[in-house]
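Student: Structure for this input, please:
(one chain, ligands or ions: 1)
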Amino acid sequence: MSITKEQIDNANQGMMAQHETEFQVLQSRLVEKGLPVDHIIDQLQHFQVAIPSWALGAGGTRFGRFSIGGEPRNLSEKIHDVGLIHALTQSAGSISLHIPWDIPEDATTIRTLADSHGILFDAVNSNTFQDQINQTLSYKFGSLCHTDASIRAQAVNHCKEVIDIGQALGSKSLTVWLADGSAFPGQLNFREALERTLGSLKEIYQYLPSDWRLFIEYKPYEPNFYSTVIQDWGTSHLLASECGERAYTLVDLGHHLPNTNIEQIVSTLIWRGKLGGFHFNDSKYGDDDLTVGSIKPYQLFLIFNELVEGMANNKSNNPPLAWMIDASHNLKDPLEDLMQSLEAIRLAYAQALMVDQQRLQEARSTNDVTMAQEILQDAYRSDLRPLIREARRRSGGALHPIAQYRRLGMREVLREQRGLNTVATGL
Ligand SMILES: [Mn+2]
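Tutor: The predicted structure is shown next:
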């Protein structure tokens, strides 16, 4: 069952009076500040974030997994679920596939289905961090970094296959995240492992179609707990630079040690024209993959502030970024959770668009530290939710997506259609 435009419009009708009051108050305040409200709304409407195919079922921890019922059983049902989210929010216009969990049986059929929901195919993601049934060689001791050339070749070939699948669907980028590393001191020669990884990445890069980009993700630890081959943005940047101009670093919010200044990393990468994409989530302790904006919303805003300012002063021609939610949890309805993440992302983006960059620059040039902070916090502490709702309404989405999802009983419908014990592929 899909949500129709009529259902959304009908539900919006009942909420319009309150929305208009709230929006007009905010609008006049923003106009007073000299902000181009319609232009900001337009930018918000165009801001689309990819939904990963593995986030549509209940996530698990290494201790267990609790099914929520009605989970998508195959790729078609996953696309259907992204379609639901997109219909309500008008901000999830693409899906990012994980291979081999979501190999389409027939690319044309899947493309047509996605198209009917207004969904495009974002970056495709390879998986060389676990062994698949019928896989010849094991990734237990690494993949692209492996000491055994035949295992490296198997991993490189997998990435080539992922590119082929992505091409059939209209994707334009490959994201590589490696679990490669070591669990104990002495296990790995750091230098040689990095060199082998670079060799493998170069082979993958050579295979990229000319209009494709390669995104290299980094992570400091987990599942390996002593060392990770691509441990930080600097290592990723180094590898991307060695591969070529269409290779970029991808920043995943959860892939940093505690208190890392991620906004500064973003700024540096844009300065070099090497920021490829962004994986949104939130965390308290490690790679917790919690709902975006649930723990550190101010950090999210500061990151967006760097993104907005950096892309507006884009001297290195950093290409437009690939945005994706990379979160998974085991308590909430995944579709509701994704809608919460989308709201948090748009809110942080709107707040960043509100920052008076000129005044901020002036405050910096006179070293007026107090004023610089005031300018940022004025934007961050503004409640821009009516602006987000207005952007969504103008695109044909729901004023209150989660409320409408619940009112229409969507999860109950999905449980009825798919059963209580379905399990979506993924971790
Ligand atoms: Mn990620």
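
Student: Pull up the gap between the spatially most distant residue from the centre of the chain and Arg359, please.
Tutor: Among the C-alpha atoms of the chain, the one most distant from their mean position (Cα atoms, centre = their mean) is that of Thr366, at 36.9 Å. The spacing between Thr366 and Arg359, counted by Cβ to Cβ, to the nearest Å, is 11 Å. (Each C-beta comes from the backbone N, C-alpha and C, glycine too.)

Student: Which secondary structure state does Pro319 sit in?
Tutor: Secondary structure state of Pro319, per DSSP: H, G, I helix; E, B strand; the rest coil, is coil.

Student: residues touching the residue of the stretch 51-200 of the chain found nearest the ion, list them.
Tutor: When you check the stretch 51-200 of the chain against the ion by Cβ to the ion, the closest residue turns out to be Trp177, at 5.8 Å. Residues in contact with Trp177, defined by Cβ atoms under 8 Å, 6 or more residues apart in numbering, are 125-126, 129, 217, 219, 252.

Student: if you set the cut-off to 6 Å instead, what comes out?
Tutor: Applying Cβ atoms under 6 Å, 6 or more residues apart in numbering, we find Trp177 in contact with Glu217.

Student: Contacts made by stretch 399-408 with the rest, please.
Tutor: Counting contacts by Cβ under 6 Å, 6+ apart, the residues outside stretch 399-408 that touch it are 11-12, 15, 19, 88-89, 336, 339, 389, 393, 398.

Student: In helices, which of those residues fall?
Tutor: Among the contacts of stretch 399-408, the subset assigned to helices under DSSP state H consists of 11-12, 19, 88-89, 336, 339, 389, 393.

Student: So of these, which two are at opposite extremes in space?
Tutor: Taking every pair in the ones in helices among the contacts of stretch 399-408 and measuring Cβ to Cβ, the maximum separation is 20.6 Å, between His19 and Glu336.

Student: Most neighbours among the ones in helices among the contacts of stretch 399-408, which one?
Tutor: When neighbours are counted by other Cβ atoms under 10 Å, Leu88 leads these with 28 neighbours.

Student: Now that residue: closest residue in space, sequence neighbours ignored.
Tutor: Pro401 (3.9 Å; Cβ to Cβ, 6 or more residues apart in numbering).

Student: Would you mind measuring from that neighbour to Ile270?
Tutor: The gap separating Pro401 from Ile270 is 31 Å, by Cβ to Cβ.

Student: So which of these two has more stuff around it?
Tutor: The neighbour comparison of Pro401 against Ile270 (other Cβ under 10 Å) goes to Pro401, with 28 against 21.
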